[in-house]
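K.L.:
next input, structure requested:
(one chain, ligands or ions: 1)
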Amino acid sequence: MVHIYMSPINMSIYLEDLHFTYCKAETMYTKIALSLTVSCVILFLYLVLNKKTNGAKSLNLPPGPPKLPLIGNVHHLAGLLPHRAFRDLAQKHGPIMHIQLGQISAVIISSPRLAKEVLKTHDVALADRPKTFGSELVLYRNTDIALAPYGEYWRQMKKIASLELLSAKKVQSFGLIREQELCSFMNFLRISSGKPVNIHKTITELVNNVVCKASFGKNCKHQDALLEFLDEFGRVNSGFYVADLFPDFKFLYVVSGLRSTLMKMHKTLDKIFNDIFEEHDSRKRDGGEHEEDLLDVLLRIKDEGGLEFPITNNNIKAIFVDIFAGGTDTSSVTIEWAMTELMRHPNVLEKVQTEVRETFKRKKKVMESDIQGLSYLQSVIKETLRLHPPIPMLLPHVSREHCKIDGYDIPVKMKLIINAWACSTDPEYWDDSESFKPERFEKTSVDFMGNNYQFIPFGSGRRMCPGMNFGLTTVEFFLAQMLYYFNWELPDGLNPIDVDMAETDGLLAAKKIHLHLIPTSCAPYN
Ligand code: HEM
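P.N.:
Below you'll find the predicted structure:
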């Protein structure tokens, strides 16, 4: 089954597929009938779309690139990653742009000044999320946090996440899990000393082990299936599939095969969760003391009752999709990009290793409490997040009320895409904005807490990431240990400037070609 996704490559697969089907038509009559049908469908779509967008003509919408009938601006994304294509378009059409992607009308924000308007001045009016067919089906009717509509249910669940699941105290309580996992990772690296290691794969598994143990109290036997699910879901739920761009034409979900793929994914995920819940339950019945894991916390809150919106097992499953998606890929992608930039900048690598080794003072075993005061490492992490925000366009926002930004109308239900990557590489705010220079953070108070709109890798305002502390603790501790115990080299004598920097397409901008590095154990404690 060929999925129809409007990335350039898949668009051509789609066209090829249509062409193939077309050529298979055996008689002249079939070809004519097929042409007529396609023409009627296109005409029908055009009329419906035209009718739908007529209402917009009385509004003072932001300017934008010229639109084609039916597809609007989809062709402007062809061959490019959306955050890069939107930044290029913004250079021509301005920091607030209106674009049309099929039936989806969207406003793209590309400057820190206007990001502040959206995320602070009009935060409440613009705090909704778009619904996609995928999120409805897979996220138990959007009852997670990240894609839940703005309202009382979202507020209740976000409060639970901030106070009970991802609070500083809770994150600290998982320190032992991080230490144990890192200890086995360091042993693996020692065994692999002198041989190339796939950093992407090993770090993703490592981070996911921490998330699994923090969530369910033990490693998860379904880890591979869960990681595969996250990968696939990020891709099919990016909002750029043709079926998502024409939501009124439900048949597109069926003919594109998206519906059956999503249903299969949901079924598999639900089975995995049921299995995990049963295992967790039987371990609890067997007794024994253990640190309260995240599933314990949610089940306790559910059983205590007294909530405005009583929570069900399905709501808990939806929350775990967020914890897995938010907790795994964002952190592992940051570690991989940080190591990539360090390999490309040997002077920075040397400086950060010197800091880590001097701070740990030849300790044989490094604990999480030892990582205080690694200020240069923190600058390296900030600079990595500035150039490679894992979610470069945040999660899309949607307007709940009509409002005005920069004098332009933002009608109700307008999708807003905030190009955080364009903000953090804006030359008006950053000198030599595309170069990796961690030193810049030694001279500025700009940070990622959501008040400096030129640097918002975790978003800002009501919809800001509640997992920032969890993510950063993992990233900092893992990088510190990798840099303390090992020296690192590129394989096959690869020149640092030749390391491939291509990014993946989708919600997450990961490194497209996995980073492979050769660790050499260097025992700084001897
Ligand atoms: C380096 C690590 C991380 C980065 C860069 C990151 C980034 C983000 C971003 C950009 C958003 C969207 C903000 C917006 O739309 O305005 C977000 C939302 C969210 N993140 Fe994270 N995240 C990270 C780690 C985590 C972790 C560890 C968790 C949970 C275990 C998590 C859970 C969430 C949730 C639940 C939301 C939705 C918030 C809402 O819609 O109200 N994130 N994150």
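K.L.:
how about Gly79, phi and psi?
P.N.:
The phi/psi pair for Gly79 (degrees, to the nearest 10) reads phi 80, psi 0.
K.L.:
got a pLDDT number for whatever residue of the stretch 351-500 of the chain ends up closest to the ligand?
P.N.:
Closest contact between the stretch 351-500 of the chain and the ligand, by CB to the nearest ligand atom, is at Gly467 (2.1 Å). Bear in mind the C-beta positions are built from the backbone N, C-alpha and C, glycine included. At Gly467, the model reports a pLDDT of 97.
K.L.:
before we move on, what about Ser7?
P.N.:
40.
K.L.:
repeat for the one 4 residues further on
P.N.:
Looking at Met11, its pLDDT reads 37.
K.L.:
averaged pLDDT, stretch 421-433. What do you get?
P.N.:
Stretch 421-433 comes out at a mean pLDDT of 98.
K.L.:
need the contact partners of stretch 148-157.
P.N.:
Stretch 148-157 is contacted from outside by 124, 127-129, 131, 142-145, 307-309, 311, 315, 319, 400, 462, using CB atoms under 8 Å, 6 or more residues apart in numbering.
K.L.:
one step back: identify the residues contacting the residue of the stretch 351-500 of the chain closest to the ligand.
P.N.:
The neighbours of Gly467, taking CB under 8 Å, 6+ apart as the test, are Ala161, Leu166, Ile323, Gly326, Gly327, Thr330.
K.L.:
any idea whether the residue lying closest to the third one once chain neighbours are set aside is helix, strand or coil?
P.N.:
By that I understand Ile323. Once flanking residues are discounted, Ile323 sits nearest to Ser215: 6.0 Å by CB to CB, 6 or more residues apart in numbering. Under DSSP: H, G, I helix; E, B strand; the rest coil, Ser215 falls in the helix class.
K.L.:
the stretch 51-200 of the chain: helices as residue ranges?
P.N.:
For the stretch 51-200 of the chain, the helices defined by DSSP state H, counting those that start in this stretch occupy 82-93, 112-116, 133-138, 152-160, 168-173, 175-191, 199-216.
K.L.:
how far does the fourth one sit from its chain's centre?
P.N.:
Helix 152-160 has its average C-alpha position 21 Å from the chain's average C-alpha position, going by CA atoms, centre = their mean, to the nearest Å.
K.L.:
returning to that earlier point: would you list the phi and psi of the residue of the stretch 351-500 of the chain closest to the ligand?
P.N.:
Main-chain torsions, Gly467, degrees, to the nearest 10: phi -100, psi 10.
K.L.:
show me where the chain has strands.
P.N.:
Using DSSP state E, the strands of the chain run over residues 96-101, 104-109, 197-198, 397-398, 403-405, 408-410, 415-418, 486-489, 516-521.
K.L.:
next to the ligand, which bits of the stretch 201-350 of the chain? Give me the list.
P.N.:
Proximity of the stretch 201-350 of the chain to the ligand, by CB under 6 Å from any ligand atom, involves residues Asp322, Ile323, Gly326, Gly327, Thr330, Ser331, Thr334.
K.L.:
hang on, the earlier thing: could you flag which of the contacts of stretch 148-157 are buried?
P.N.:
Neighbour-count burial (16 or more other CB atoms under 10 Å) applied to the contacts of stretch 148-157 gives 127-129, 131, 142-145, 311, 315, 319, 400, 462.
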